[in-house]
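> Just a sequence and a predicted model for now, questions to come.
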Amino acid sequence: MMRTLLATAAALMLGTAPAFAAGTPSAGSAQISYKVLPSVKAQVIPNYMTGFGPTGGIGSGSTPAHGPAAVANGGTVDFGNVVVGFQYIYSYAAQVNVQTNDKAGFVVYAEGATDLNGSNPVPAPATFPLAETLFWLVHNTANTAFTPAQTFNKTTGNPIGLNGVNGIDYSGQGGLPSAGSLVWSSPTSGNLSQGYDYQLRLSGATPISQFDVYIVYTVIGN
């Protein structure tokens with residue numbers, strides 16, 4: 001989901017020459033002041049580089065393979081079959097590309113449209129807290145399953161469509177996501193990209209199930 005907050009104004013100032021008597025040559029000038037309308041475009045690409053997918057932490061057994069929903073340069077961040085009680089790192093999980101002419105830059109937010117929803121089989125409880133389970137890191141080849149990471153939080157906005165498949169409505173909270181969901185702040189314009197790894201932490205209390213959640217990225221120009 002992408003929202004753009006725009007503040008713009010346009011002014012036209014004309015400098016007029018003084019009046020002259022008839023037949024007297026005259027000259028005039030015009031001065032125009034303007035502001036370019038800011039624009040912000042963004043794209044989120046899952047599995048954006050060769051080598052994407054999960055790696056298990058110490059004691060988690062053999063390295064898991066990503067699930068069938070994960071395809072290169074698209075699809076879903078799919079951890080595949082993982083074991084409760086261990087931590088995992090998913091390299092090249094998502095890349096955010098931003099193109100903007102706003103010289104003040106932009107900010108990027110990311111949060112879950114819901115908590116983790118269980119299915120196949122449906123567990124009890126049917127949902128598991130997102131903030132205790134899924135975390136994000138700016139991509140670095142040195143990242144591991146135990147590298148300190150920031151939590152994804154469930155949104156305080158209103159998810160649109162099943163599980164937020166169509167984004168999140170923030171109109172009830174001033175049009176902005178929670179400040180705690182900030183993942184990137186850039187003070188410059190241009191065509192910029194930043195990649196993220198995801199970290200999965202499965203406690204012993206996690207039910208056996210398939211869990212799903214939509215992570216929604218919101219980009220706002222400054």
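All right, it came through fine. Numbers count the residues shown, from 1 in each chain.
> What does the pLDDT read for the residue lying closest to K103 once chain neighbours are set aside?
Distance criterion Cβ to Cβ, 6 or more residues apart in numbering; nearest residue to K103, sequence neighbours excluded, is S189 at 5.1 Å. For every residue, glycine as well, the C-beta is placed using N, CA and C. S189 is assigned a pLDDT of 91 by the prediction.
> Likewise for the one 5 residues further on?
According to the per-residue confidence, Q194 scores 98 in pLDDT.
> what about it, neighbour count?
Look at Q194: counted by other Cβ atoms under 10 Å, it has 15 neighbours.
> and the nearest residue to T114 once chain neighbours are set aside, what does it touch?
Nearest residue to T114, sequence neighbours excluded (Cβ to Cβ, 6+ apart): N163, at 5.3 Å. The neighbours of N163, taking Cβ atoms under 8 Å, 6 or more residues apart in numbering as the test, are 113-114, 117, 212-214.
> Recalculate using a threshold of 6 Å.
113-114, 214 (Cβ atoms under 6 Å, 6 or more residues apart in numbering).
> now do R201
R201 touches Q87, counting by Cβ under 6 Å, 6+ apart.
> Quick one, grab the pLDDT at it.
Per the predicted model, pLDDT is 93 at R201.
> quick one: buried residues of stretch 165-174?
For stretch 165-174, the neighbour count (16 or more other Cβ atoms under 10 Å) marks 167-168, 170 as buried.
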